[in-house]
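Colleague: Structure for the following, please:
(one chain, ligands or ions: 1)
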Amino acid sequence: MEDLTMSYGGHDVLKGINLEVLRGQIIGYIGPNGAGKSTTVRIMLGLQKGYGGKVSLFGEDIRKSGVAYKGRIGYVPETAEVYDMLTAREYLVFSGGCYGIDEKRAERKGRLLMDQFGLADAFDVRLSSFSKGMRQKVLIISSLLHNPDLLFFDEPLSGLDANSVFVFKEILAQLAEQGKTIFYSSHIMDIVEKISHRIVLLYDGQIAADGSFEELKAQNKEGTLEEIFNQLTGFHQHAQIAEDFVSIVKEV
Ligand SMILES: Nc1ncnc2c1ncn2[C@@H]1O[C@H](COP(=O)(O)OP(=O)(O)OP(=O)(O)O)[C@@H](O)[C@H]1O
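Modeller: Numbers count the residues shown, from 1 in each chain. Presented below is the predicted three-dimensional model:
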């Protein structure tokens, strides 16, 4: 990204983002609510027009590269609409088809991946009866069916149980080892701290920090990523806010 800017109705959301990302990195992409994380991701996915500056993916300016580059991207959005009336099999065949995977292959791969997540029995069950975590697993599988090179995960662990989180963290590490680049957006700081090779903190439309956890720790002299986040975003009022909040709750 070179000097990336974006405004919504005169409100400057991105104020000049410069970021170069190499293959095989897990980028913990963090920032307060409204900092512009989803906006930058939507721009990279080609879903958001009207931005300034330049975004190049796989070495090409996305304004000039047509739509083919999207076939190399996998995406798990924070909130996804799934077609509830479809079974997992039908949904995965459909989403695989969007990436040019033929039905048999999408079905086979989908079934094998569902099995790895302990969902073999639910393959022919409608998504409407899936729990939150089961849906999330289907979304993760759907983002990976076409073996993409670049992945955007927005709160991907939402609803996953502790064992599944364990498995997924290992999957991320192995995907990165194979040279895939992963943008991992989350507000769960201890996971970002553990899995990221590099942490990029977006604050007030700009990059406020960029480095490995060890580098950020050395620069900020704080122990955890949560504390570094609080410090870099100038937030120290948590105890006072909690006290005020609870005292209002007590009022009848
Ligand atoms: N379509 C839109 N129209 C107007 N304003 C928008 C639009 N999309 C985003 N914004 C504004 O842009 C800012 C950045 O939003 P964005 O969703 O990128 O933040 P975020 O960092 O992903 O936040 P969160 O952590 O809450 O998901 C917010 O102030 C938001 O209100």
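
Colleague: Would you map the helices across the stretch 151-252 of the chain?
Modeller: 162-177, 189-195, 213-220, 225-232, 238-250 (DSSP state H, counting those that start in this stretch).

Colleague: Run the contact check for the shortest one versus the ligand.
Modeller: No - contact of helix 189-195 with the ligand is not found when judged by C-beta under 6 Å from any ligand atom; the minimum separation is 12.6 Å. To be clear about C-beta, it is placed using only N, CA and C from the backbone, and glycine gets the same treatment.

Colleague: Tell me the buried residues in that helix?
Modeller: Residues of helix 189-195 classed as buried: Met189, Ile191, Val192, Glu193, Ile195 (neighbour count, 16 or more other C-beta atoms under 10 Å).

Colleague: Local confidence estimate at the first one?
Modeller: Yep, that's Met189 we're talking about. Here the pLDDT value assigned to Met189 is 92.

Colleague: mind showing which ranges of the protein have poor pLDDT?
Modeller: Scanning the chain for pLDDT under 70 picks out no residues.

Colleague: Close to the ligand: what parts of it are there?
Modeller: Tyr8, Val13, Gly31, Asn33, Gly34, Ala35, Gly36, Lys37, Ser38, Thr39.

Colleague: How many neighbouring residues does the first one have?
Modeller: Read that as Tyr8. By the criterion of other C-beta atoms under 10 Å, Tyr8 has 9 neighbours.

Colleague: ditto for the one 5 residues further on
Modeller: Other residues within reach of Val13, judged by other C-beta under 10 Å, total 17.

Colleague: That one touches Ser7, doesn't it?
Modeller: Yes - using C-beta atoms under 8 Å, Val13 is in contact with Ser7, at 6.5 Å.

Colleague: In contact with the closest residue to Gly100 other than its chain neighbours, which residues are there?
Modeller: Using C-beta to C-beta, 6 or more residues apart in numbering and skipping residues adjacent in sequence, the residue nearest Gly100 is Gly71, 6.8 Å away. Remark: with contacts taken as C-beta atoms under 8 Å, 6 or more residues apart in numbering, Gly71 is in contact with Tyr99, Gly100, His146, Pro148.

Colleague: Could you report the separation of the second one from Gln206?
Modeller: Per C-beta to C-beta, to the nearest Å, Gly100 is found 38 Å from Gln206.

Colleague: Also the third one?
Modeller: Summarising the geometry, the distance separating His146 from Gln206, computed by C-beta to C-beta, is 34 Å.

Colleague: Looking at the two, which is more packed in?
Modeller: For His146 versus Gln206, neighbours defined as other C-beta under 10 Å are more numerous around His146 (20 against 15).

Colleague: Ramachandran coordinates for that one?
Modeller: For His146, the backbone dihedrals (degrees, to the nearest 10) come out as phi -90, psi 20.

Colleague: likewise Ser95?
Modeller: Dihedral angles (degrees, to the nearest 10) for Ser95: phi -70, psi -30.

Colleague: Equivalent analysis for Gly16, please.
Modeller: According to degrees, to the nearest 10, Gly16 has phi 110, psi 80.

Colleague: Let me see the contact set for it.
Modeller: Asp3, Leu4, Thr5, Gly53, Gly205, Gln206.

Colleague: what's the answer for Leu216, then?
Modeller: With C-beta under 8 Å, 6+ apart, Leu216 has these contacts: Ile199, Ala209, Leu225, Ile228.

Colleague: Dihedrals phi and psi, the closest residue to Val93 other than its chain neighbours?
Modeller: Distances taken as C-beta to C-beta, 6+ apart put Ala106 closest to Val93, at 4.7 Å, once the chain neighbours are dropped. Dihedral pair for Ala106: phi -60, psi -40, per degrees, to the nearest 10.

Colleague: Thanks again, I'm all set now.
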